[in-house]
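> could you work out the structure for the sequence below:
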Amino acid sequence: MLALAGLVYCKTASVDEKQPGKIADIFCEGSQAIRVHYKKDTGDIVQKGPVSLPSGVSCSDAEGFDEKRMLQLAEEGHWVQFYSAGGKLGEGEYKAGKREGMWTFYSQEGQMIREVMYQNGLQNGQDTLYFPGTKDWRARGQNSNGKKTGTWEERLAADSDCISTGRYVEDDKQGQWTECMKSQDGDIYKGFEGEYRKGLKDGPAAFYHPNGEPMAKGDYRADLACLQNPPDGDKTKCEKRIGTWKIYHENGKLFTEGSYNPATGKRNGTWTEYYETGDKMAMGPRNHTRQGMWTFWDKSGNIVFQFRFEGNDFSPKYAVLYENGRKSAEGPLSMGLVKYDQKEDRIHTSAIFKNGPWKLYGPGGQVVGEGNFVQNKKHGTWREMENGRMQTVEYQLGMKR
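Numbers count the residues shown, from 1 in each chain. Alright, predicted model coming up:
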């Protein structure tokens with residue numbers, strides 16, 4: 001029977017071997033009990049370290065515990081955690097089952113990426129994140145009971161002079177912040193200055209282009225009630241723009257201006273848009289998207305067209321066309337695209353398909369033609385001016401009959 005008992009407690013694996021199907025095991029290294037945690041399906045080691053044993057229990061006794069009882073033993077001393085694919089994830093000290101002192105974390109490539117202080121199992125004190133493989137800090141500040149607190153600094157590159165800075169209160173940004181951003185070309189620049197309240201933008205705010213020119217200015221309101229159930233789980237959707245906002249071209253000149261509904265945070269009322277030259281380009285109503293009749297001008301101040309939009313910024317439903325500043329035609333559209341071309345600094349239109357009853361106008365503003373278009377072609381009975389008189393003309397998809 002003694003021999004049989006000895007076989008039961010005999011270890012068939014070492015502390016560093018995989019053990020598929022297990023969650024935890026204990027091994028003796030001298031008189032110290034080392035508990036190893038495994039990923040059950042693969043047997044990969046997740047973490048390992050010493051545990052404290054109850055009075056009167058030896059390490060060899062603990063080797064014979066079932067997994068549930070093994071997991072009840074408190075961690076004590078230096079522990080190491082591992083990535084599932086191998087390699088050290090983090091390491092530090094436990095005291096009576098709780099993390100204590102400085103813990104260090106690593107990338108999957110084995111490079112140190114973070115040092116964070118623990119007290120009584122929670123992150124308390126200095127917290128520093130590093131660019132992998134260096135001692136150059138990426139973010140640094142303090143934690144209190146597991147949450148960011150006080151002034152923090154963050155940067156996007158070790159050699160960048162642009163530093164994001166501001167305060168945290170219980171993990172939420174609070175008060176004045178300056179934030180850096182990275183352009184598509186990789187340039188790091190000051191992209192934002194403004195106020196936060198409970199992690200949401202609240203109050204005056206300014207965004208900047210990579211060249212330092214203003215990109216947008218206006219006010220935010222933090223909708224704190226929205227935080228209870230943010231749309232799509234995205235807290236930033238609880239930041240609402242309010243009042244008048246101005247948005248700028250990269251050259252610093254005004255691009256568009258208008259107001260935001262404080263209840264919804266969406267654009268409303270009359271908005272005005274400008275070319276890079278500063279000349280007025282378009283004006284019309286918005287209910288977030290373009291809604292209603294918009295007027296468009298060339299850079300000389302002449303009206304070039306009017307379009308009625310119904311909830312889409314680029315695809316109008318009705319058109320009033322102009323030639324040399326005078327109205328030349330109007331009617332409904334089946335499709336069309338109206339878009340500002342930033343590179344050419346002009347309004348670009350394409351695929352404007354007339355569809356339905358249209359009117360054509362002469363130089364004096366008189367009607368010189370009216371009838372139906374079908375997919376941009378005259379169709380059916382038209383009344384057209386010929387030799388000073390209105391005549392009836394029949395069309396078959398653009399061809400006179």
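
> surely residue 92 and residue 99 touch.
Yes: in terms of Cβ atoms under 8 Å, residue 92 counts as a neighbour of residue 99; the distance is 6.1 Å. Where you see a C-beta, it was placed from the backbone N, CA and C, and this is true even at glycine.

> what's the overlap in contacts for those two?
Listed as contacting both residue 92 and residue 99 by Cβ atoms under 8 Å, 6 or more residues apart in numbering are residue 118.

> top strand in this structure by residue count?
Across the chain, the longest stretch assigned as strand under DSSP state E is strand 326-341.

> show me what that one packs onto, helices and strands only.
Other elements packing on strand 326-341 under the criterion 3 or more Cβ pairs under 8 Å, 6 or more residues apart in numbering; DSSP states H and E are strand 318-323, strand 346-354, strand 356-361.

> mind listing residues that contact the longest one?
Identification of contacts with strand 346-354 by Cβ under 8 Å, 6+ apart yields 275, 281-282, 296, 304-305, 319, 331-341, 373, 375-376.

> try it again at 7 Å.
281, 296, 319, 331, 333-341, 373, 375-376 (Cβ atoms under 7 Å, 6 or more residues apart in numbering).

> so where's the stretch 1-150 of the chain shaky on pLDDT?
Across the stretch 1-150 of the chain, the ranges flagged by pLDDT under 70 are 1-10.

> quick one, helices of the stretch 51-200 of the chain?
59-63, 67-71 (DSSP state H, counting those that start in this stretch).

> kindly compare burial across these and name the winner.
helix 59-63 (a mean of 16; mean count of other Cβ atoms under 10 Å).

> now the longest strand of the chain: mean pLDDT?
For strand 326-341, the mean per-residue pLDDT is 96.

> ok, back up a step: now the helices of the stretch 51-200 of the chain as TSV including distance to residue 81?
Listed next are the helices of the stretch 51-200 of the chain as TSV, based on distance: least, Cβ to Cβ, whole Å:
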stretch	distance to residue 81
helix 59-63	21
helix 67-71	16
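
> for residue 24, find the nearest of these.
Taking Cβ to Cβ, helix 67-71 is the member of the helices of the stretch 51-200 of the chain nearest to residue 24, at 4.9 Å.

> for that closest one, which helices and strands make contact with it?
strand 24-29 (3 or more Cβ pairs under 7 Å, 6 or more residues apart in numbering; DSSP states H and E).

> just the buried positions in the strand it packs on, please.
24-28 (16 or more other Cβ atoms under 10 Å).

> which one of those residues is nearest residue 392?
residue 24 (92.8 Å).

> hmm, that closest one is touching residue 72, no?
No: checked against Cβ atoms under 7 Å, the pair residue 24 and residue 72 is beyond contact range at 10.4 Å.

> domains in the protein, by residue range?
Domain ranges of the chain: 17-73, 79-154, 175-264, per automatic domain parsing.

> just send those domains back as TSV, with distance to residue 369 too.
Below are the domains of the chain laid out as TSV (distance: least, Cβ to Cβ, whole Å):
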stretch	distance to residue 369
domain 17-73	76
domain 79-154	65
domain 175-264	36
